[in-house]
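Asker: Structural data only, the sequence is not supplied:
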């Protein structure tokens, strides 16, 4: 067996390894090794179809590998709270709200996701105030009821950026790091609401019972 035959078999082995991988990162690494080996095999053997095919596949696999590594870095950044939403602003439309104006009411359908560009917004039913740089209205998109869980009112004059439901769904499924960031926001929002709900429950339980009125026979 000659040297270039060995390289050809190595390329074939890497092709099988790539086809057997369940996750994309090892698949792309094995595919790059397969293309390199097969390209060398084609050059030694003067096999023009092999040379043409793997000359095209090699940069393609390298680019996909770069995309996977970049995405994993962005997901790690999202997990550690370093995710910036500045890139989201050009995709959103601005809407102004005056102080005291309702942004949405509890029970409304989730038509928009909001980003607070300036000002503060109060979630009246849960006693939470949100400020500049925070998302608003994300929970309703994931609830079974598909409805707003609280009334949002502008505490000050506000500039809100918003994106509609269709664009939000597309963004969520195409950007895993954005989905992970949303999960963090929702969990933190739920944790913020829990003490408020617990306090309300304790107050109701501690309240003395009202007077019992019994009817007297006449």
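Answerer: Everything's here; your move. This one's a predicted model, so the numbers in the text were calculated from it and none came from an experiment.

Asker: Which of the helices or strands spans residue 103?
Answerer: Per DSSP states H and E, residue 103 falls inside strand 102-104.

Asker: tell me the secondary structure for the residue most central in space within the chain?
Answerer: Ranked by distance to the mean C-alpha position of the chain (Cα atoms, centre = their mean), the top residue is residue 179 at 1.2 Å. Judged by DSSP: H, G, I helix; E, B strand; the rest coil, the three-state class of residue 179 is helix.

Asker: ok now do the closest residue to it other than its chain neighbours, which residues does it touch?
Answerer: Leaving aside its sequence neighbours, residue 179 sits nearest to residue 172 (Cβ to Cβ, 6 or more residues apart in numbering; 5.2 Å). Heads up, the C-betas are built off the backbone N, CA and C, glycines and all. Neighbouring residues of residue 172 by Cβ atoms under 8 Å, 6 or more residues apart in numbering: 178, 179, 182.

Asker: Among those residues, find me the one that's closest to residue 6.
Answerer: For the contacts of residue 172, the closest approach to residue 6 (Cβ to Cβ) belongs to residue 179, at 45.4 Å.

Asker: Which of the helices and strands in the protein ranks last by mean pLDDT?
Answerer: helix 176-206 (a mean of 66; mean pLDDT, DSSP states H and E).

Asker: Tell me how far the residue nearest to the centre of the chain lies from residue 166.
Answerer: Per Cβ to Cβ, to the nearest Å, residue 179 is found 16 Å from residue 166.

Asker: List phi and psi for residue 96.
Answerer: Reported as degrees, to the nearest 10, the phi and psi values for residue 96 are phi -100, psi 140.

Asker: count of neighbours near residue 101?
Answerer: 13 (other Cβ atoms under 10 Å).

Asker: pretty sure it is touching residue 153, no?
Answerer: Yes - here residue 101 reaches residue 153: they are 7.1 Å apart, a contact under Cβ atoms under 8 Å.
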